[in-house]
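**Student:** A predicted structure for the sequence below; I have some questions about it.
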There are 2 protein chains.
Amino acid sequence: MSGQSNKDIEEGLAFTPKFDADGLITAVATDARSGDVLMVAHMNAEALAKTIASGEAWYYSRSRKALWRKGESSGHVQRVLELRVDCDQDALWLKVEQQGLGACHTGRRSCFYRAIPLGQAGSVKLEFRDAEQAFDPSKVYEKK
Amino acid sequence: MSGQSNKDIEEGLAFTPKFDADGLITAVATDARSGDVLMVAHMNAEALAKTIASGEAWYYSRSRKALWRKGESSGHVQRVLELRVDCDQDALWLKVEQQGLGACHTGRRSCFYRAIPLGQAGSVKLEFRDAEQAFDPSKVYEKK
């Protein structure tokens, strides 16, 4: 990898994902139908390998410091229809079919349920958008 | 910010973006029409403030270590139609109207022009997808 030129990385067909100092790469999951961003998460090399092999999204949880199969506890698995890498190979895009009712642990379909008003200077107040809960997280994540 | 509970951060309307140790937050720009991810970049507090105030995307370039108005040299400005923040306020989603022919410095519309084949174990070879050049970067970025 160290011998790779920028041209190799950007125009070549060798997959050489650039993990950061913590061994992670940013992964963006969008809903394959609507194009909405469902979540932004991270993968380590193992999560990436499992995603590629299984066609289901695996991530690495920075808070739990653990490999994490998306939908493991909620059943809300993400089937990956397409996986892409960006020009400098430090970000991944997953087009997914979201199983179950949502991707967000708060019960929403997407983690992005608040908008930041534009055209203002100074402090801003968020506005809810598409913030209806699709499921009740207290039920989905209840201890078995 | 330090006094904020997870509930405040996730369910409140106070905008308290969580910048990382380098003072950056991840920003995903999607094409408002197609839903395609155009690029994944980063903002520092100043880039975020300028984006909110102007309605045009500003980022922070980690390689150039500089504030960066998207389209500054190429003319390929991004008009932000909607800006959203995720549940834990450590990622931003910009729905943009991409001006000019593309977002990627390689000349493509999106930075994600290569796919990783799924269902394989071991080494993988990338495949070009939507990789036609929309513009000639040597012309767009030529020195004036």
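**Tutor:** Yep, it's here.

**Student:** nearest residue to the residue in chain A that chain B sits nearest to other than its sequence neighbours?
**Tutor:** Closest approach between chain A and chain B, counting by CB to the nearest CB: residue A:35, at 1.4 Å. (Glycine included, C-beta is placed from N, CA and C.) Nearest residue to residue A:35 in three dimensions, chain neighbours excluded: residue B:35, at 1.4 Å (CB to CB, 6 or more residues apart in numbering or on different chains).

**Student:** ok, residue A:36 next?
**Tutor:** residue A:110 (5.4 Å).

**Student:** and the top helix by length along chain A, anywhere near chain B?
**Tutor:** In chain A, assigned by DSSP state H, the helix with the most residues is helix A:45-54. Yes: for helix A:45-54, a contact with chain B is found by CB under 8 Å from any CB of the partner chain, at A:49, A:51-53.

**Student:** show the buried residues in the residues you listed.
**Tutor:** The neighbour count (16 or more other CB atoms under 10 Å in any protein chain shown) marks A:49, A:51-52 as buried among the residues of helix A:45-54 next to chain B.

**Student:** which residues touch the closest residue to residue A:99 other than its chain neighbours?
**Tutor:** Once flanking residues are discounted, residue A:99 sits nearest to residue A:77: 4.4 Å by CB to CB, 6+ apart. By CB atoms under 8 Å, 6 or more residues apart in numbering or on different chains, the contact set of residue A:77 is A:56-57, A:69-71, A:99-100.

**Student:** let me know the closest of these to residue B:117.
**Tutor:** residue A:56 (15.1 Å; CB to CB).

**Student:** the closest one and residue A:65: what is the separation?
**Tutor:** 21 Å (CB to CB, to the nearest Å).

**Student:** the host helix or strand of residue A:81 and chain B in contact?
**Tutor:** Secondary structure from DSSP states H and E places residue A:81 in strand A:78-85. Yes: legend: contact between strand A:78-85 and chain B by CB under 8 Å from any CB is shown at A:80, A:82-85.
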